Every structure is written in C-alpha cells, then in structure tokens.
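Participant: Sequence and predicted structure, then a few things I'm wondering about:
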Amino acid sequence: MIIAIDGPAGVGKSTVAKLLAARLGYLYLDTGALYRAVAWKALQSGIRPTDREQVTTLLPTTSIHMQFQHGAMQVLVDGLDVTGDLRTPEVTTAASIVSAFPAVREWLLPIQRQIGQRGSVVAEGRDIGTKVFPSAPFKFFLDADATVRVARRHRELVAAGRGVTAETTSRDLSDRDQRDRTRSVDPLVPAGDARFIDTSALSPDQVVAQMIAAVSTGS
C-alpha cells in the first residue's frame with residue numbers, strides 16, 4: 001500500500017505525512033530528503049549547486065540510502081548518517097536548485113521506488129503521484145493560500161532559530177514555486193486521480209482525518 005502526497009512548500013505535507021504514517025503504522029518517506037542529500041554531497045565536494053554538469057558528474061560516485069530506526073528515517077550518504085545536516089539554509093537552497101536537474105531526478109527515481117517496495121508507505125514530495133508512484137491507490141494533492149503558506153513557513157524557520165524576515169520567506173517560496181512548477185522534467189502538478197485538499201483553514205489533524213476517511217472508504 002502506497003499513499004502519495006504532493007503539493008508545494010508550506011502546505012503542511014511533511015507534518016501531515018508523518019501523522020498519517022504514524023496512525024496507520026506505515027513507513028514515512030520524505031523524498032525531499034534525497035534531493036537534500038545530493039545537495040549536501042555537492043556542497044561538501046566544493047561544487048556549486050548551479051553547476052549542472054559537475055553535480056551530474058558527482059552522481060555515479062555517490063551512494064544514498066534510507067534506513068528506518070523505530071519509525072524514524074535516516075539518510076546515509078556514502079555510508080555517513082547526514083540526517084541532521086540536511087535542514088540547514090544552505091542545503092535547503094541548494095536542494096531546490098539541484099532538484100530541477102533531470103539527471104538528478106532520474107538518478108533518484110529507482111532509490112525512491114526501492115523504498116516503496118519495503119512495505120506500506122506514506123510518501124510525500126512534488127512528483128510522487130505523477131512520476132514516482134503513478135499506480136499508488138491513494139493520491140492526495142495539498143495546497144493552500146499563498147499568504148497562509150508564507151506564514152507557516154516563516155513560523156517554521158523562526159522556530160528553527162533562523163532569523164529571516166517574512167519578506168525573505170515570501171520571496172524564497174515564490175522562487176521555489178517557480179522552479180517546481182516550470183521545470184522541464186516532472187513539474188509540480190496534481191495527478192489526474194489525486195484528491196485535492198485545501199489546507200488553508202485546516203489543522204494537520206483535520207487533513208489527516210480526511211485522508212484516513214478516504215483510505216478507509218476506498219474513495
């Protein structure tokens with residue numbers, strides 16, 4: 001059983017996916033962590049994230065694995081657990097850039113699908129229902145009002161100790177949306193059979209309740 005959750009940044013995908021996986025007893029797959037892992041490796045190797053050729057050249061000599069300990073996801077790059085290093089501002093920005101490279105997306109595709117073969121999975125990202133798991137029996141596309149998304153992301157950043165302004169957060173989110181929705185390979189779009197949920201006025205628990213209802217009724 002695979003449940004696919006897609007949507008732009010700031011709609012609550014990660015929070016909802018973690019809650020849903022915990023309540024169903026499924027594995028939680030954050031595909032964005034894989035792109036962050038590639039970005040981390042590029043930065044560690046002294047490669048500019050915008051250098052598509054150098055980033056692509058790095059892939060054949062890179063090993064990325066995900067393992068799950070007591071339900072928690074760990075990301076290993078070349079055998080090193082880098083989970084705690086993947087949420088820095090530098091890696092976040094770099095991941096947004098490298099995720100638009102077709103070679104990176106194709107290279108990570110089999111890794112994501114291998115994880116999906118381990119059992120029941122709640123997977124979240126931006127092309128889960130359209131590319132990674134197009135045959136997933138349950139697909140959801142989350143979205144929210146732009147103002148709400150900016151406010152949510154800004155709160156997350158402040159809570160993480162990052163002194164960014166709301167204006168900077170809004171600009172970064174807009175740039176990310178532009179890259180995600182207009183990239184040449186697997187742009188962010190809802191799958192044709194995805195259930196749309198507007199999370200603007202909903203709590204994570206309310207979103208999860210809608211998902212569980214859909215899964216339990218098979219709709």
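Facilitator: That came through fine. Residues are numbered from 1 along each chain as shown.

Participant: Let me see the contact set for the spatially closest residue to T50 that is not a sequence neighbour.
Facilitator: With CB to CB, 6 or more residues apart in numbering as the criterion, T50 has its nearest non-adjacent residue at 5.9 Å, and that residue is I97. The C-beta positions use only the backbone N, C-alpha and C, and glycine is treated the same way. Shown in contact with I97 (CB atoms under 8 Å, 6 or more residues apart in numbering): A39, P49, T50, R179.

Participant: Which single one of those is nearest to L80?
Facilitator: The nearest member of these to L80, counting by CB to CB, is A39 at 14.9 Å.

Participant: Can you list the neighbours in contact with the helix or strand hosting that closest one?
Facilitator: Using DSSP states H and E, A39 maps to helix 32-44. Residues from elsewhere that reach helix 32-44 (CB under 8 Å, 6+ apart): 14, 48-49, 54-55, 58-59, 62, 64, 66, 73, 75, 77-78, 82-83, 85-87, 90-92, 94-95, 97-99, 104, 108, 111-112, 124-126.

Participant: same thing but at 6 Å, please
Facilitator: For helix 32-44, contacts defined as CB atoms under 6 Å, 6 or more residues apart in numbering pick out 49, 55, 62, 64, 75, 77, 82, 85-86, 91, 94-95, 98-99, 104, 108, 125.

Participant: Put the buried members of those residues into a PyMOL selection.
Facilitator: PyMOL command restricting the contacts of helix 32-44 to the buried ones, with burial defined by 16 or more other CB atoms under 10 Å:
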select buried, resi 49+55+64+75+77+82+85+86+91+94+95+98+99+104+108+125
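
Participant: neighbour-wise, which of the contacts of I97 leads?
Facilitator: Among these, A39 has the most neighbours (other CB atoms under 10 Å), with 26 neighbours.

Participant: phi, psi of the closest residue to it other than its chain neighbours?
Facilitator: What sits nearest to A39 in space, not counting adjacent residues and going by CB to CB, 6+ apart, is A94, at 3.6 Å. Main-chain dihedrals, A94, degrees, to the nearest 10: phi -70, psi -40.

Participant: Same list (the contacts of I97) but as CSV, adding distance to G218 and secondary structure.
Facilitator: Formatted as CSV, the contacts of I97 follow (distance: CB to CB, whole Å; DSSP: H, G, I helix; E, B strand; the rest coil):
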residue, distance to G218, secondary structure
A39, 38, helix
P49, 42, coil
T50, 45, coil
R179, 35, helix
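
Participant: Looking at the residues you listed, which is nearest D205?
Facilitator: R179 (30.8 Å).

Participant: wait, isn't that closest one in contact with S99?
Facilitator: No - using CB atoms under 6 Å as the test, R179 is too far from S99 to be in contact (7.7 Å).

Participant: ok, and the helix or strand in this protein with the lowest average confidence?
Facilitator: Among the helical and strand segments of the chain, the one scoring lowest on mean pLDDT, DSSP states H and E is strand 64-69, with a mean of 86.

Participant: Check the offset of it from the chain's centre.
Facilitator: Strand 64-69 has its C-alpha centroid displaced from the chain centroid by 15 Å (CA atoms, centre = their mean, to the nearest Å).

Participant: And the contacts of that strand?
Facilitator: So strand 64-69 is in contact with L27, A37, M73, Q74, V75, L76, V77, I115, going by CB under 6 Å, 6+ apart.
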